[in-house]
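Peer 1: let me see the structure of the following:
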Amino acid sequence: MDTTREPQVGGESARLIADAIRSFPVSLTRTGAPQLHNISTGATRAAVRRAYERIEIELMVESAACDCGGEHRTLDEQEYEWLVYTDLMWKAKSALDETRRIEGLWLS
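Peer 2: Okay, the predicted model is just below:
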């Protein structure tokens, strides 16, 4: 019986998610914020979508419990998406023990 378990993020393979997100092209929005373009296909695209949705729900729960919720500014659609992808990538890197890996886009 194999007792090793593949690291997971948002219920999906952390390796698959991290590799997929790293492959996404990045552009800048009109405000200069980074925007990822999900170019994955098939099963990878579905896995990224499922993980994104789970992390999004986690962020909403955390936000609802925040004591200083009224102090946060409203995000536009691209900023919000970037927030979710950043949290998703951080959790994937944490699950893979890659938080010390230096990456220009994923410093945090």
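Peer 1: show me where pLDDT drops low in the protein?
Peer 2: 1-4, 69, 106-108 (pLDDT under 70).
Peer 1: one more pass at 90, please.
Peer 2: Low-confidence regions of the chain, defined by pLDDT under 90, span residues 1-5, 29-34, 60, 62-79, 99-108.
Peer 1: what are the boundaries of the helices in this protein?
Peer 2: Using DSSP state H, the helices found in the chain span residues 14-23, 42-65, 77-95.
Peer 1: now those as JSON lines including mean neighbour count and distance to I102?
Peer 2: For every residue, glycine as well, the C-beta is placed using N, CA and C. What follows is these, written out as JSON lines (neighbours: other Cβ atoms under 10 Å; distance: least, Cβ to Cβ, whole Å):
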{"stretch": "helix 14-23", "mean neighbour count": "19", "distance to I102": "13"}
{"stretch": "helix 42-65", "mean neighbour count": "14", "distance to I102": "23"}
{"stretch": "helix 77-95", "mean neighbour count": "18", "distance to I102": "11"}
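Peer 1: could these be laid out in JSON lines, adding distance to P34?
Peer 2: Formatted as JSON lines, the entries for the helices of the chain read as follows, by distance: least, Cβ to Cβ, whole Å:
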{"stretch": "helix 14-23", "distance to P34": "12"}
{"stretch": "helix 42-65", "distance to P34": "16"}
{"stretch": "helix 77-95", "distance to P34": "6"}
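Peer 1: and stretch 47-56, how far from the chain's centre?
Peer 2: Centroid separation between stretch 47-56 and its chain, computed with Cα atoms, centre = their mean, to the nearest Å, is 8 Å.
Peer 1: ditto for stretch 9-23
Peer 2: Using Cα atoms, centre = their mean, the offset of stretch 9-23 from its chain centre is 9 Å.
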